[in-house]
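Enquirer: predicted model, plus sequence, below.
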Amino acid sequence: MSPGSTLDYTVVGDSMELAPVGIWTAAHSQALEERLTAVAPQVSAARKLAINMAGVHELDTLGAWLLERMVRGCVDRKSEVRFSDLPERYRGLFDQVSRVNRQTAEPTARKNVLLKRLEWIGQSTIALYAEFVAFLDMLATLSFAGARILVRPHNFRITSAVYHLYRVGWQAIPIIFLITFLIGCIIAQQGIFHFRKFGADAYVVDMVGILVLREIGVLIVSIMVAGRSGSAYTAELGSMKMREEIDALRMMGFDPIEVLILPRAVALVIALPILAFLGATSALFGGGLVAWLYGGMSPEIFIARLHEAVSVTHFEVGMIKAPFMALVIGLVACSEGLRVKGSAESLGLRTTNSVVKSIFLVIVLDGLFAVFFASIGM
Amino acid sequence: MTTEEAGFVISIRDLVVGFGRQIVLDHLSLDVRRGEILGLVGASGGGKSVLLRTIIGLIPKRQGHIEVVGVDRDTANPEETRALERRWGVLFQQGAMFSSLTVLENIQFPMRENLHLSGQLLGELASAKLEMVGLSPNDGKKFPAELSGGMTKRAALARALALDPEILFLDEPTSGLDPISAGDFDALIKTLQGTLNFTVFMVTHDLYSLEVECDRIAALASGKIVAIGPLSEVIESDHPWVKSYFQGKRARLITRAAN
């Protein structure tokens, strides 16, 4: 126990004299709490208490509260409590402390564990439905905004769209090139390694060509864009929402959808096919390079085989998917951004949601497209 | 004799602070007495907040000495500096509440990190602070984003007072509040200062706060303290900026009312 922070007491019959001594501040809280717990049985036994405050050198809210708490316990037990020699400078503090913690916060009702679980399942189902509605809502709002722009094209924010095109398109080119190049290399290497066992190395070109043009090119690029630009959109719009910038726009008579979201979505819809095209090229290049250096297939042969293996259809299938992927990413990113509330935590949550949801939807959409193209024979 | 013994809790000598080529505080000297409420006035962008942030160590200084409760951060070791930081509370202009914690958790945060309290006592003490600044126990369960401007200020004040500081730094405490809330907030600080015996260093623009709350007023102009003293003395100052500040239409309304 630290020296000079203690509570002395003497008991005579059913009356008790208490003398807090020394420094009663938060810095000595541990010693004080221990001491008060130790004295508690005697305090609760006493019917009359006299507390002499003359020995207290320093007192803060904590010290005053500890005494007040003890006194309240005594008053509840109908014991008599009397303070004496309270230094004038601490009177205000005591008055203040005696008024606090009289009322408690409304307790939050505790529920049955099973009920809570059921409620959670219900809530999540409703939330899922709400997310779906929010997505459709954003799609509809954006379509209307797009339709309005078609009627009055001069309202379109061309500068903003070009700026976003630069950010999500042009600035993304190096990383897209690198990633798809590596993916192309890996596919070719694995193909050669396994096809060689039954003498089918030459079919690596078919595999690389079809896979890259139809599926991997656009899918990898979409996932990259969702992580790179979708998250940026959500964070930007979310912080604008937090700082009331979106409300300000609305108050000035602008439609935030037209000013902020449409240019972003348009930029993505333009950028993604271009990036997918560049990505596919880069992946084919990587595949050809590996076929040459690792599989010993000369570039002339690779290109000739590629001509035979892939038709324009494969390329079309990939390219048709790209703008839809872009639209999904843009819609999810923007609707999540607008759902940000005041706290930093909600911004983080929404950004995570945006990326996870858009990647998920991109893959689901890819599956739907696969079914669709198969049924129309492309 | 140290500055602490002389009754000064903050003692600043020849302080120079600048950013790049711009000198914001130019050989500024200032003493703050124990137990007083000092109001710092100055033009917008004139370095009031910079001075406050330099004292609490958020902005590095170029020259000069700052002693707070007898401790000079330049010569103090890291433990002394941390101990010093526990002895003051700061109310930032926007409240700076941690948005992912509830109000009560915000108040508990400095206590939890710095004191060894039992869970029960921690809760009781935090809700005591909450009530002392005039918030209800139910407000403690709210998140900062759900509070109004005035409630945010009060909650932030409760957090600044969490460790029973010796010095309270206030950066424009009444800005953004309506006159009634601002008046209530002034009264609250004055009352709490009376009960908890801390020293207040307050940056403010609110002439009414200066009038009712402050024991002394320091006027900052062109990087220096150009006038310091009770309101009645500072008003009489010959410095042109101080003159225009207190002789302005808005100021005259208040000083006239005071006289």
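Expert: Okay, I see it.
Enquirer: whichever strand or helix holds residue A:64 close to chain B?
Expert: Using DSSP states H and E, residue A:64 sits within helix A:61-76. Yes - Helix A:61-76 lies within reach of chain B by CB under 8 Å from any CB of the partner chain, at A:61, A:62, A:65, A:66, A:69. From N, CA and C alone the C-beta is placed, and that goes for glycine too.
Enquirer: surely residue A:289 and residue A:182 touch.
Expert: No - using CB atoms under 8 Å, residue A:289 is not in contact with residue A:182, being 11.0 Å away.
Enquirer: got any ranges where the chain has weak pLDDT?
Expert: Defaulting to chain A. A:1-3 (pLDDT under 70).
Enquirer: switch to chain B, that's the one I care about
Expert: Looking at chain B by pLDDT under 70, you get B:1-6, B:249-259.
Enquirer: now with 90?
Expert: B:1-168, B:170-200, B:202-259 (pLDDT under 90).
Enquirer: how about the strands in it?
Expert: B:8-19, B:22-33, B:37-42, B:63-68, B:71-72, B:88-91, B:167-171, B:199-203, B:216-221, B:224-229 (DSSP state E).
Enquirer: so for residue A:96, which of these sits nearest?
Expert: With CB to CB, the closest approach to residue A:96 among the strands of chain B belongs to strand B:167-171: 15.8 Å.
Enquirer: thinking again about what came up before, neighbour count and distance to residue B:151 added to the residues of helix A:61-76 next to chain B, as TSV?
Expert: TSV is the format used below for these (neighbours: other CB atoms under 10 Å in any protein chain shown; distance: CB to CB, whole Å):
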residue	neighbour count	distance to residue B:151
A:61	24	21
A:62	26	24
A:65	22	23
A:66	23	28
A:69	16	27
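Enquirer: run through who's touching the helix holding residue A:64.
Expert: Here helix A:61-76 makes contact (CB atoms under 8 Å, 6 or more residues apart in numbering or on different chains) with A:20, A:24-26, A:29, A:32-33, A:36, A:40, A:43-44, A:46, A:49, A:51, A:56, A:81, A:90, A:93-94, A:97-98, A:100-101, B:115, B:117, B:121, B:124-125, B:128-129, B:132, B:161, B:164, B:196.
Enquirer: make it 6 Å
Expert: A:24-26, A:29, A:32, A:36, A:49, A:81, A:93-94, A:97-98, B:125, B:128, B:164 (CB atoms under 6 Å, 6 or more residues apart in numbering or on different chains).
Enquirer: list phi and psi for residue B:239.
Expert: Note on residue B:239: its backbone torsions stand at phi -60, psi 130 [degrees, to the nearest 10].
Enquirer: contacting residues around it?
Expert: By CB under 6 Å, 6+ apart, the neighbours of residue B:239 are B:226, B:227.
Enquirer: mind giving me the domain split of chain A?
Expert: Per automatic domain parsing, the domain ranges recorded for chain A read A:5-99, A:123-375.
Enquirer: save those as a markdown table, and put in distance to residue B:50 too.
Expert: Output for the domains of chain A, formatted as a markdown table (distance: least, CB to CB, whole Å):
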| stretch | distance to residue B:50 |
| --- | --- |
| domain A:5-99 | 31 |
| domain A:123-375 | 24 |
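Enquirer: how about those, which one is nearest residue B:226?
Expert: domain A:5-99 (34.6 Å).
Enquirer: in a markdown table: the strands of chain B, plus distance to residue A:229 and mean neighbour count.
Expert: Listed next are the strands of chain B as a markdown table, based on distance: least, CB to CB, whole Å; neighbours: other CB atoms under 10 Å in any protein chain shown:
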| stretch | distance to residue A:229 | mean neighbour count |
| --- | --- | --- |
| strand B:8-19 | 35 | 18 |
| strand B:22-33 | 38 | 18 |
| strand B:37-42 | 45 | 25 |
| strand B:63-68 | 47 | 19 |
| strand B:71-72 | 50 | 15 |
| strand B:88-91 | 39 | 22 |
| strand B:167-171 | 38 | 23 |
| strand B:199-203 | 42 | 24 |
| strand B:216-221 | 46 | 22 |
| strand B:224-229 | 51 | 18 |
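Enquirer: out of those, which is closest to residue A:320?
Expert: Minimum separation from residue A:320 across those (CB to CB) falls at strand B:8-19, 54.8 Å.
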